[in-house]
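Visitor: following is a predicted model, sequence given first.
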Amino acid sequence: MPPGRRPERVAEAMREVISELLLREVKDPRIGMVTVTRVDVSPDLRHAKVYFSSAGDSDSRNKTLIGLNRAAGFLRSQLTKQLNLRYAPEVRFIRDTSLDDAGRLAQVLREATPPAPTSQAGDDEADTDE
């Protein structure tokens with residue numbers, strides 16, 4: 001039987017459960033403001049890549065990743081229990097850089113776009129349709 005949409009549904013359920021656990025249960029001080037952006041699950045549901053974003057500089061982001069990796073075993077067992085999975089998925093955390101990339105792209109576009117021409121006093125009267 002083909003896996004169909006089950007991995008997608010399980011991935012979304014994992015995203016919700018992990019987000020809730022990070023907010024309420026995980027007390028590691030290295031894990032600050034973390035947003036789980038998406039989860040990719042293998043077709044056999046045994047491997048999960050958890051993409052996250054976090055605020056702060058590079059050092060605090062690295063500490064967050066270390067804290068998340070330390071919590072992976074707890075999160076793995078909780079996922080198995082809460083989602084009634086047959087196998088505990090191996091959880092791997094990956095920093096999602098798409099927000100950083102979008103910010104850099106926006107900055108490049110702002111720098112590359114010439115400034116809009118300023119209107120002169122005589123142009124305002126010519127633009128009105130009467």
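Guide: Looks like it came in fine. None of the values given here were measured: they were computed from a predicted structure. Residues are numbered from 1 along each chain as shown.

Visitor: hey, which helix is longest across this structure?
Guide: helix 58-83 (DSSP state H).

Visitor: can you give me the buried ones in it?
Guide: Buried residues in helix 58-83, counting neighbours by 16 or more other CB atoms under 10 Å, are found at R61, K63, T64, L65, G67, L68, A71, A72, L75, R76, Q78, L79. Using the backbone N, CA and C atoms, a C-beta is placed for each residue, glycine as well.

Visitor: so which of these comes closest to P7?
Guide: L79 (13.7 Å; CB to CB).

Visitor: now name the helix or strand holding the spatially most central residue of the chain.
Guide: Residue closest to the mean C-alpha point of the chain, counted by CA atoms, centre = their mean, is T37 at 2.4 Å. Per DSSP states H and E, T37 falls inside strand 34-41.

Visitor: tell me the buried residues in that strand?
Guide: So for strand 34-41, counting by 16+ other CB under 10 Å, buried means V34, V36, T37, V39, V41.

Visitor: mean confidence score for it?
Guide: Strand 34-41 shows a mean pLDDT of 94.

Visitor: mind listing the strands that strand pairs with, and their directions?
Guide: Strand 34-41 pairs in its sheet with strand 47-54 (antiparallel), by DSSP bridges.

Visitor: sounds good, over and out.
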